[in-house]
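# Make a model of this:
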Amino acid sequence: AYVSVELMKGLKYKLNLTPDFQFYRYNSYEGLFDFGLAKHDITAVTEQQTRTRNILVENLLTFDRTFGDHKVSALVGYTYQDSRYRYMQGSGQGMPTGITEIDAASQGLAVSGNSSRSVLTSILGRAFYSYKNRYLLTATIRRDGSSKFGSNYRYGNFPSVSVGWNIAEEDFVKNSVSWLDQLKLRGGYGVLGNQEIDNYQYVSVVTTGINYPDGKSGLIQGAFPKTFANPDIKWEKSYQQNYGVDMTLFNSLSLSVDYWRTQQRGVLCQSDLTPALSGFTGDKLPYTNVGKVQNQGVDIEVGYSKKWNSGFEIGVTGDFAWNKNEIIDANDLNYSSIGYYYPFRKTGYSIGQKFGYLIDYSNGNGFFNSRQEIADRKLVYQGVTPRVGDFIYRDLNSDGLIDERDKAPLDGVKTMPSFMAGASVQMKYKNFD
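A predicted model of the protein is given here:
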């Protein structure tokens, strides 16, 4: 729902209210049965309830006016998003046959539940200016606050700016180049924030039921942190830039070329460095702002459209994309001190880079061709004994042992494509397409 009011010419206030409520209930009852191989000799009942509530409130003030050749628009606003979740479950066993109430259970009574809440607030502003639709300038700024971070690092500032030049609108082009319908140069730079982690990662979750010996053959009930927290986690930031050109020729051919680069800094993740040093499993580690990941590439879109007097139309579009992904710094362990030929497993590679053994083709085919060749090579394979017909792997660190230390990045195995292409054709005849 929304309300919009025009305060004066070109100046409007708009209130958006977007509520979202969801309720889920689940009941399960298991009676007594005996089918020979399958048997259930005690009644059981389980009931679950889940409630979610998400409310988004947007207060927006916009200004839009044109003064001769000058067009100006602006926006300022405040948004508030409140998300809540609650889960409850109860179960029991041993009810009289036909009774499905948990209170009637004689054993196995259990109850559990939890709830969470997250809030995101934003103050934002945007300004746009154009002159004769030739020169374009847009600038934005927003300040976001997230309850997923501690009070010292709850807020982040995210600016952006973009410019454009419609060369085809220049008089020296319109009056002399009839076949050029559009030629626009554009560029932009901005910063975005990421807060997509679980709630309450800046405080430790404590579990009870941990018993400690009191030194007198007895136990003292206590508690212990279930997970380890990091009060200093903050917004992950993505620094983005884009430069492009748009062209339309002969009222039928179109071309759009973009070069873009995105660099994520302070990536929110559970660092691999901590468990190796402290002995903790990865799922218990606190989130940290570590690492730097970069993506860059070129996108090209080519199109052709044609319309005939008979009512037949055709449109053809081709898309091509080149992408390079690289982890510039993952803050991962350096294994060079323990004989790894490639000391890093993340830094310097793309996300999901696979490692494996390289085949030694120095004998012509890369296989052990005889027992004598196995003996002459004097290679020890960790965990297995090489046989005739097995691959000959390269001993990269020259220690005579083929193991994890000899694994190398595999060029032909990537989780992220470096090139993508696609095409589409649209045809229409009068009202049929």
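
# What does I102 show for phi and psi?
Note on I102: its backbone torsions stand at phi -60, psi -30 [degrees, to the nearest 10].

# list the contacts for it?
Taking Cβ atoms under 8 Å, 6 or more residues apart in numbering as the criterion, I102 is in contact with 45, 47, 90-92, 109. Where C-beta positions appear, they are placed from N, C-alpha and C, glycine not excepted.

# ranges for the strands of the stretch 251-400 of the chain?
Remark: strands assigned in the stretch 251-400 of the chain by DSSP state E, counting those that start in this stretch are 253-265, 268-269, 288-289, 292-307, 312-329, 355-356, 380-381.

# Check the stretch 101-250 of the chain too.
Along the stretch 101-250 of the chain, the stretches classed as strands by DSSP E, counting those that start in this stretch are 107-131, 135-146, 155-166, 180-194, 206-213, 219-225, 236-249.

# nearest to D34, of those?
Nearest to D34 among those is strand 107-131 (19.9 Å), distances taken as Cβ to Cβ.

# From the contacts of I102, list just the buried residues.
45, 47, 90-92 (16 or more other Cβ atoms under 10 Å).

# Tell me which two in the residues you listed are the farthest apart.
The most widely separated members of the buried ones among the contacts of I102, counting by Cβ to Cβ, are E47 and G92 (9.5 Å).

# Now render the strands of the stretch 101-250 of the chain as TSV, adding distance to P386.
Shown next, in TSV, are these (distance: least, Cβ to Cβ, whole Å):
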stretch	distance to P386
strand 107-131	53
strand 135-146	55
strand 155-166	55
strand 180-194	48
strand 206-213	49
strand 219-225	48
strand 236-249	46
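
# Mind putting those into JSON lines with distance to R345 and mean pLDDT?
Below are the strands of the stretch 101-250 of the chain laid out as JSON lines (distance: least, Cβ to Cβ, whole Å; pLDDT from 0 to 100):
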{"stretch": "strand 107-131", "distance to R345": "33", "mean pLDDT": "96"}
{"stretch": "strand 135-146", "distance to R345": "31", "mean pLDDT": "97"}
{"stretch": "strand 155-166", "distance to R345": "30", "mean pLDDT": "97"}
{"stretch": "strand 180-194", "distance to R345": "24", "mean pLDDT": "95"}
{"stretch": "strand 206-213", "distance to R345": "32", "mean pLDDT": "78"}
{"stretch": "strand 219-225", "distance to R345": "29", "mean pLDDT": "80"}
{"stretch": "strand 236-249", "distance to R345": "21", "mean pLDDT": "96"}
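
# And those strands: which comes nearest L379?
strand 236-249 (44.7 Å).

# so what strands line up beside the closest one?
strand 180-194 (antiparallel), strand 253-265 (antiparallel) (DSSP bridges).

# Can I get the ones you listed in JSON lines including distance to R25?
Formatted as JSON lines, these follow (distance: least, Cβ to Cβ, whole Å):
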{"stretch": "strand 180-194", "distance to R25": "34"}
{"stretch": "strand 253-265", "distance to R25": "40"}
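
# so of the buried ones among the contacts of I102, which ones are in strands?
If you go by DSSP state E, the buried ones among the contacts of I102 have 45, 47, 90-92 in strands.

# circling back to that earlier point, which two among the contacts of I102 are spaced furthest apart?
The most widely separated members of the contacts of I102, counting by Cβ to Cβ, are E47 and L109 (12.3 Å).

# Can you pull the residues that touch both of those two?
91, 102.

# what residues are up against I402?
357, 379-382, 393, 395 are the contacts of I402 under Cβ under 8 Å, 6+ apart.

# Dihedrals phi and psi, it?
When read as degrees, to the nearest 10, the backbone of I402 gives phi -90, psi 110.

# Just the pLDDT at G297, thanks.
pLDDT, G297: 96.

# Can you tell me the closest non-neighbouring residue to it?
N323 (3.9 Å; Cβ to Cβ, 6 or more residues apart in numbering).

# re earlier: Throw the contacts of I102 into TSV and include distance to S254, thanks.
Shown next, in TSV, are those (distance: Cβ to Cβ, whole Å):
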residue	distance to S254
V45	64
E47	59
G90	62
S91	62
G92	67
L109	69
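
# Residue nearest the middle of the chain, spatially speaking?
By Cα atoms, centre = their mean, the chain has its centre lying nearest to E196, at 8.1 Å.

# Could you report the distance from that one to Y287?
As judged by Cβ to Cβ, to the nearest Å, E196 and Y287 stand 11 Å apart.

# tally of neighbours for the closest residue to Q270 other than its chain neighbours?
With Cβ to Cβ, 6+ apart as the measure, L285 is the residue that lies nearest to Q270, at 4.4 Å, once sequence neighbours are left out. For L285, the count of nearby residues is 19 (other Cβ atoms under 10 Å).

# can you pull the pLDDT of L285?
L285 is assigned 78 on the pLDDT scale.

# Distance of it relative to I233?
L285 sits 12 Å away from I233, going by Cβ to Cβ.

# any common contacting residues for the two?
By Cβ under 8 Å, 6+ apart, no residue touches both L285 and I233.

# mean confidence for stretch 413-433?
For stretch 413-433, mean pLDDT is 88.

# sorry, back to before: any chance of the strands paired with strand 236-249 in JSON lines, plus distance to A1 and mean neighbour count?
Shown next, in JSON lines, are those (distance: least, Cβ to Cβ, whole Å; neighbours: other Cβ atoms under 10 Å):
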{"stretch": "strand 180-194", "distance to A1": "28", "mean neighbour count": "16"}
{"stretch": "strand 253-265", "distance to A1": "36", "mean neighbour count": "16"}
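
# Nearest to Y335, out of the ones you listed?
Nearest to Y335, of the strands paired with strand 236-249 and by Cβ to Cβ, is strand 253-265 at 24.6 Å.

# Which element, helix or strand, includes Y29?
strand 11-30 (DSSP states H and E).

# pLDDT below threshold where in the stretch 201-350 of the chain?
272-283 (pLDDT under 70).

# re earlier: now, the most widely separated pair of the contacts of I402?
Most distant of the contacts of I402, by Cβ to Cβ, are Y357 and V380, 13.7 Å apart.
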